[in-house]
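Novice: need a 3D model of the sequence below.
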Amino acid sequence: MTAAAPPTPAPAQAPAAAPIHPEAAALIIGEQRIRTGYRSLLQYAHELHQQAAQAQDLHETLHDLAGLPEEDDDRKAYDARYQAARAELEVTRQQAQQHARRMIRSSSAARHHHEYLATLLLDTARQEALQRPLRAAQLRTAPRPAPGSAHAIHPTLTIDPVQILHEQRQEHNAIAAAFLGRPRRTGDSHLGTTADEDTALLLDTNRDRHSHALLAARYLLSGPDTLARHHAQLACDAETQYQAVHARIRRAHRDSRRSAPWQDGTTWTAHLPDHNDPDLAQTVPFHFHLDLRWSDDGLALLVEPHDAAHLERQSGITVGRGWHSLARWILDTHARLGGEGPGPRPRHEHLIWTPVTDRDGLRLPPALESRYPNLIAALEALRVTLTPAT
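Specialist: Predicted structure coming up:
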């Protein structure tokens, strides 16, 4: 007995002849998309795609086992799992349809248009779920395919910044702020804090150059030229030694920075806006992982290639050069925070998407988009892999 194929995951088809003018239907759907209830419909749509994919995987496995006897334990176990997956998919489909109907019933549309509009609304949500990962994905861990798995996940989604919703833009800003939560120490602030030989020598030569310079000035004013020249020479020698030791310490610091991973490790915490709070005054902590390291010459920050590939598989998003853009953005922003880079100091709450002056919204500055290509794809891949902090 061959199991029937799972229900097609394609979005529901609207009736061929629309009983309402398309512009009026688009207006009603647009009104529904900004309601709080649409978020739940998006989650239903996301679950429909997940459950359909799971049922399809089980169906393909059953097809591979078709050569075994029907009483085989493995075949019966997979058949039972497949039938349960189909039943779960059907329940979710009915729940999604009922939720869409409830949303349309609360609109101003005429009753005889409700069924068509509910189908159209669910179709819109399912198309949107296919175009971008949803925040619902943050509530569960994405499956990690085993090495050599026949069902390994390959990234196929591409991200267009225009399609990013307002809530996603807020969360991108929160993820970007996570990289600046504990700024790296820069400059020579570490000098004199350790008991190594070079640091001790630096302190001694610094004291000597000032002491001999003061004595040279004093003897020059009081008369004995010989003593003045003697201490002036000692001050110059101490200055030369000080500069040599200072350069040696800076070189050692730079070399250690090149070989060390990016400070703060690989786990980052983003404080996302709590959308259940009407005033958005509260935040909810989420974790994400990203391995960063310095390049061999110590001049550039890099995302570890294996980590980038894993995140693309996990999120399903094609990022490509977006990882390079993200690393450059982190380094450039840290430099601006330290007063070393060009441009104004960044605002932590609007690092990526900035407020629109004439309305309540966020936009992507054109200069940022051109300077850091595909940066939004990298942030979206990290957003999808967020897990609640415990």
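
Novice: state the pLDDT value of Ala270.
Specialist: Listed pLDDT for Ala270 reads 90.

Novice: cool, Asp360 as well?
Specialist: 67.

Novice: quick one: the helices in the stretch 51-200 of the chain?
Specialist: 73-105, 114-131, 166-178, 197-222 (DSSP state H, counting those that start in this stretch).

Novice: looking at these, which is closest to Gln282?
Specialist: helix 166-178 (12.6 Å; C-beta to C-beta). Backbone N, C-alpha and C define where each C-beta goes, glycine included.

Novice: hmm, back to that, need the helices of the stretch 51-200 of the chain in CSV (columns: mean pLDDT, distance to Tyr38 and mean neighbour count).
Specialist: Compiled in CSV, those are given as follows (pLDDT from 0 to 100; distance: least, C-beta to C-beta, whole Å; neighbours: other C-beta atoms under 10 Å):
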stretch, mean pLDDT, distance to Tyr38, mean neighbour count
helix 73-105, 87, 7, 16
helix 114-131, 86, 7, 20
helix 166-178, 89, 11, 21
helix 197-222, 80, 61, 15
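
Novice: what's next to stretch 92-100, contact-wise?
Specialist: Applying C-beta atoms under 8 Å, 6 or more residues apart in numbering, the contact partners of stretch 92-100 are 7, 37, 40-41, 44-45, 47-48, 51, 118-119, 121-122, 125.

Novice: kindly export it (C-alpha atoms) in CSV.
Specialist: The C-alpha trace of stretch 92-100 is given here as CSV (Å, rounded to 0.1, in the frame of the first residue of the first chain):
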residue,chain,number,x,y,z
THR,A,92,-3.9,23.7,11.4
ARG,A,93,-5.5,24.5,8.0
GLN,A,94,-8.9,24.6,9.5
GLN,A,95,-7.8,26.8,12.4
ALA,A,96,-6.1,29.2,10.0
GLN,A,97,-9.3,29.4,7.9
GLN,A,98,-11.4,30.1,11.0
HIS,A,99,-9.1,32.8,12.2
ALA,A,100,-9.1,34.5,8.8
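
Novice: coming back round to it: of the contacts of stretch 92-100, closest to Asp198?
Specialist: The closest of the contacts of stretch 92-100, once distances to Asp198 are taken by C-beta to C-beta, is Glu47, at 60.8 Å.

Novice: ok so, going back, could you export the contacts of stretch 92-100 as JSON lines, including distance to Thr333?
Specialist: Shown next, in JSON lines, are the contacts of stretch 92-100 (distance: C-beta to C-beta, whole Å):
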{"residue": "Pro7", "distance to Thr333": "47"}
{"residue": "Gly37", "distance to Thr333": "37"}
{"residue": "Ser40", "distance to Thr333": "36"}
{"residue": "Leu41", "distance to Thr333": "36"}
{"residue": "Tyr44", "distance to Thr333": "38"}
{"residue": "Ala45", "distance to Thr333": "35"}
{"residue": "Glu47", "distance to Thr333": "36"}
{"residue": "Leu48", "distance to Thr333": "39"}
{"residue": "Gln51", "distance to Thr333": "40"}
{"residue": "Ala118", "distance to Thr333": "45"}
{"residue": "Thr119", "distance to Thr333": "46"}
{"residue": "Leu121", "distance to Thr333": "40"}
{"residue": "Leu122", "distance to Thr333": "41"}
{"residue": "Ala125", "distance to Thr333": "35"}
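
Novice: between those, which sits nearest Thr387?
Specialist: Glu47 (18.0 Å).

Novice: got the phi/psi numbers for the closest one?
Specialist: phi -70, psi -40 (degrees, to the nearest 10).

Novice: would you mind giving the domain segments of the chain?
Specialist: 22-131, 173-184+263-388, 197-259 (automatic domain parsing).

Novice: right, and these - which one's nearest Gln163?
Specialist: So among the domains of the chain, domain 22-131 is nearest, using C-beta to C-beta, at 6.0 Å.

Novice: looking at it, Leu201 is touching Val245, isn't it?
Specialist: Yes. In this structure Leu201 lies within contact range of Val245 using C-beta atoms under 8 Å: 5.2 Å.

Novice: if we can go back for a sec, Glu380: which of the helices of the stretch 51-200 of the chain is closest?
Specialist: Per C-beta to C-beta, nearest to Glu380 of the helices of the stretch 51-200 of the chain: helix 166-178, 7.1 Å.

Novice: can you redo the domains of the chain as CSV with distance to Leu157?
Specialist: As requested, the domains of the chain are arranged in CSV below (distance: least, C-beta to C-beta, whole Å):
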stretch, distance to Leu157
domain 22-131, 8
domain 173-184+263-388, 5
domain 197-259, 35
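
Novice: and those, which one's lowest on average pLDDT?
Specialist: Across the domains of the chain, the lowest-scoring stretch is domain 197-259, with a mean of 78.

Novice: contacting residues around Pro355?
Specialist: Here Pro355 is in contact with 361-363 (criterion: C-beta under 8 Å, 6+ apart).

Novice: which of those fall in strands?
Specialist: 362-363 (DSSP state E).

Novice: ok, back up a step: can you redo the helices of the stretch 51-200 of the chain as TSV with distance to Glu23?
Specialist: Formatted as TSV, the helices of the stretch 51-200 of the chain follow (distance: least, C-beta to C-beta, whole Å):
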stretch	distance to Glu23
helix 73-105	17
helix 114-131	13
helix 166-178	24
helix 197-222	74
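
Novice: nearest to Leu301, out of those helices?
Specialist: Using C-beta to C-beta, these put helix 166-178 closest to Leu301, at 14.4 Å.
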